[in-house]
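can you look at this prediction? I've put the sequence above it.
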Amino acid sequence: PYAQGKLLMEHWLAGYAKSTGLRYRIARIGTLYGPGMRPALFNWIAFEKAIQMQPVTVNHPGTQTRTYLYIDDAAAGIRAVLEYGKDGETYNLAGPDSPSVYDTVRMAQELVGKPSGFRVAPMRPGEILEENISCVKAATELGWAAKVGYAEGMKRLLEWHISPEGIAVSAAERAKESAT
């Protein structure tokens with residue numbers, strides 16, 4: 001539903017632009033992560049659970065992939081779309097790697113140094129099993145390519161996660177969860 005909603009809005013925008021003359025460009029961004037990310041997203045949860053020595057819940061089958069994009073690469077990609085993109089065009093912006101959910105759990109636990117394991121939950125309805133985004137158009141037309149690989153991005157995310165700012169965000173999120 002989420003991805004379909006975004007695609008629906010792209011079609012609506014194209015129709016609206018055709019009837020009004022609105023100029024637009026679309027940046028389709030992969031799964032965004034990095035400092036300041038929403039605590040509800042999986043990378044954050046994997047680190048938080050590893051730090052707390054709690055198992056991470058993984059929805060079956062666990063081999064689902066995501067094409068992540070580090071926040072700095074997203075900013076550079078959006079700038080490239082605005083500066084060099086063509087009106088009415090859509091550009092995919094994603095990182096070079098498509099790790100599985102299990103890969104993310106393993107990496108988070110290895111980086112934290114606390115192998116807290118995982119438990120498997122049933123597959124969610126509408127679960128995307130494979131996310132593989134081609135950025136060839138962004139590379140050829142915009143000269144853009146992501147620079148931060150997933151392993152390096154996860155290291156940077158952990159550094160932020162355990163910084164005073166990241167710790168404050170974690171504490172606020174835990175307080176919000178315990179209040180509900």
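Looks like it arrived, so ask away.

which non-adjacent residue is nearest residue 3?
Spatially, and ignoring its direct neighbours in sequence, residue 3 is nearest to residue 128 (7.2 Å; C-beta to C-beta, 6 or more residues apart in numbering). Using the backbone N, CA and C atoms, a C-beta is placed for each residue, glycine as well.

ok, that neighbour - how many residues close by?
Around residue 128 there are 11 other residues, counting by other C-beta atoms under 10 Å.

buried sites along stretch 112-128?
112, 116, 118 (16 or more other C-beta atoms under 10 Å).

likewise for stretch 29-42?
Burial within stretch 29-42, assessed by neighbour count using 16+ other C-beta under 10 Å, is assigned to 29-35, 37, 39, 42.

what about the helices in this structure?
For the chain, the helices defined by DSSP state H occupy 2-20, 42-51, 71-84, 101-112, 136-137, 150-161, 164-179.

columns mean pLDDT and distance to residue 123 on top of those, output as JSON lines?
Listed next are these as JSON lines, based on pLDDT from 0 to 100; distance: least, C-beta to C-beta, whole Å:
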{"stretch": "helix 2-20", "mean pLDDT": "94", "distance to residue 123": "16"}
{"stretch": "helix 42-51", "mean pLDDT": "95", "distance to residue 123": "15"}
{"stretch": "helix 71-84", "mean pLDDT": "98", "distance to residue 123": "28"}
{"stretch": "helix 101-112", "mean pLDDT": "97", "distance to residue 123": "11"}
{"stretch": "helix 136-137", "mean pLDDT": "98", "distance to residue 123": "31"}
{"stretch": "helix 150-161", "mean pLDDT": "97", "distance to residue 123": "23"}
{"stretch": "helix 164-179", "mean pLDDT": "88", "distance to residue 123": "24"}
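
before we move on, the earlier item: kindly indicate which of the buried residues of stretch 112-128 lies nearest residue 173.
Distance to residue 173, by C-beta to C-beta, is smallest for residue 112 among the buried residues of stretch 112-128, at 17.0 Å.

now the closest one: how far from residue 172?
According to C-beta to C-beta, to the nearest Å, residue 112 stands 20 Å off from residue 172.

got it, and residue 22?
Distance from residue 22 to residue 172, by C-beta to C-beta: 39 Å.

burial of residue 15, as a residue count?
Applying other C-beta under 10 Å, I find that residue 15 has 10 neighbouring residues.

do the same with residue 104
Using other C-beta under 10 Å, residue 104 has 25 other residues around it.

next: residue 96.
By the measure other C-beta under 10 Å, the count of residues near residue 96 is 15.

with adjacent residues omitted, what lies nearest to residue 44?
Excluding the flanking residues, the one nearest residue 44 by C-beta to C-beta, 6+ apart is residue 37, at 5.8 Å.
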